[in-house]
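Engineer: structure, please.
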Amino acid sequence: MTRFFPRFNTDALLDAVLKAGVMYLLFVTIHLFEDGNGRVAHTLMELQLACADTLAQRFYSLLAQMQLGHNAYYAQLEAA
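Structural biologist: Reported below is the predicted structural model:
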């Protein structure tokens, strides 16, 4: 974790959306907690996007968009 956060706080060359996706993937891969890794990773991803946004208010949420397909995703997993 001591190498995780500095990487995202200093790397200005990565696109904000790409950085948020990589942050999510790496945090979930580290699997720091017994439960809740996905929720923390989603929060970190939203935080990364919010920090990169120059608007005073955000009118979108990536997590909210992901939740729209949540049931269909698990139905496909179960069918497979």
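
Engineer: any stretches of the protein with poor pLDDT?
Structural biologist: 11-12 (pLDDT under 70).

Engineer: all helices of it, in order?
Structural biologist: Taking DSSP state H, the helices of the chain run over residues 4-10, 16-30, 37-52, 62-68, 70-79.

Engineer: dump those to CSV, plus mean neighbour count.
Structural biologist: In short, each C-beta sits where N, CA and C put it, glycine included. Shown next, in CSV, are the helices of the chain (neighbours: other CB atoms under 10 Å):
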stretch, mean neighbour count
helix 4-10, 12
helix 16-30, 16
helix 37-52, 16
helix 62-68, 11
helix 70-79, 9
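
Engineer: which non-adjacent residue is nearest residue 49?
Structural biologist: residue 20 (5.0 Å; CB to CB, 6 or more residues apart in numbering).

Engineer: contact partners for that neighbour?
Structural biologist: 45-46, 48-49, 52, 62 (CB atoms under 8 Å, 6 or more residues apart in numbering).

Engineer: now do 10 Å
Structural biologist: By CB atoms under 10 Å, 6 or more residues apart in numbering, residue 20 lies in contact with 8, 14, 44-52, 62.

Engineer: what's the closest of these to residue 25?
Structural biologist: Ranked by distance to residue 25 (CB to CB), the contacts of residue 20 are led by residue 45 at 9.5 Å.
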